[in-house]
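[1] Quick one, structure for this:
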Amino acid sequence: MLDRTATTFSHVKPGDTEFVSGGLRDFFLYRDLGIAQATHGKVIAHLVKANMAPETGTGWHRHEADFQIVIMTKGWARFMYEDKETLVEAGDVVHQRPGIRHYLFDYSPDMEYLEIVGPADFKSIDVEPVCAIPPPTPWA
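    Next up, the predicted model:
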């Protein structure tokens, strides 16, 4: 049975937290949704949005995480998952299996997604390139 004492109730409204820099990627802004604190580090949930035009993207990497999903809420992003190009558009949900090598290389100016990862202190590990990356779409 689920241990309900290991987490706390959390309710974060849009004005409670702001988008800030200083997250995993300099070209994105992150808005904390209070889940890491409520779950004592078991899970993190944050909104991520484009802050600068794509130039080099995230680079090839994988995460040391047990669970990760991306829910695109606005705009679009193009990823390489292993050697498969994947367009993720508003409304799409992607489950990134543990350890999958990937590269976010292009996104729209209005891109925003909800990312949920467990554990909250997951690691991002650079990996050798899997394949060539298409160029990003210039912002007008």
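
[2] going forward, measure contacts between C-alpha atoms and count neighbours the same way
    Fine.

[3] Which strands border the helix or strand hosting residue 88, and is each parallel or antiparallel?
    Residue 88 is part of strand 84-89, with elements assigned from DSSP states H and E. Taking DSSP bridges as the criterion, strand 84-89 pairs within the sheet with strand 76-81 (antiparallel).

[4] average model confidence for the strand it pairs with?
    Taken as a whole, strand 76-81 carries a mean pLDDT of 98.

[5] can you give me how far it is from the chain middle?
    Here the centre of strand 76-81 is set off from its chain's centre by 11 Å, with C-alpha atoms, centre = their mean, to the nearest Å.

[6] rewinding a little: would you mark the buried spots in the strand holding residue 88?
    For strand 84-89, the neighbour count (16 or more other C-alpha atoms under 10 Å) marks 85, 88, 89 as buried.

[7] Can you name the element that comes right after that strand?
    In the C-terminal direction, the helix or strand that comes right after strand 84-89 (DSSP H and E) is strand 93-95.

[8] Show me what that following strand is packed up against.
    Here strand 93-95 is seen to pack against strand 67-74 when contacts are counted using 3 or more C-alpha pairs under 8 Å, 6 or more residues apart in numbering; DSSP states H and E.

[9] which strands and helices sit next to the strand it packs on?
    Applying 3+ C-alpha pairs under 8 Å, 6+ apart, one finds that strand 67-74 makes contact with strand 84-89, strand 93-95, strand 112-118.

[10] count of neighbours near the nearest residue to residue 77 once chain neighbours are set aside?
    Distances taken as C-alpha to C-alpha, 6 or more residues apart in numbering put residue 107 closest to residue 77, at 4.0 Å, once the chain neighbours are dropped. Neighbours of residue 107 under the rule other C-alpha atoms under 10 Å: 26.
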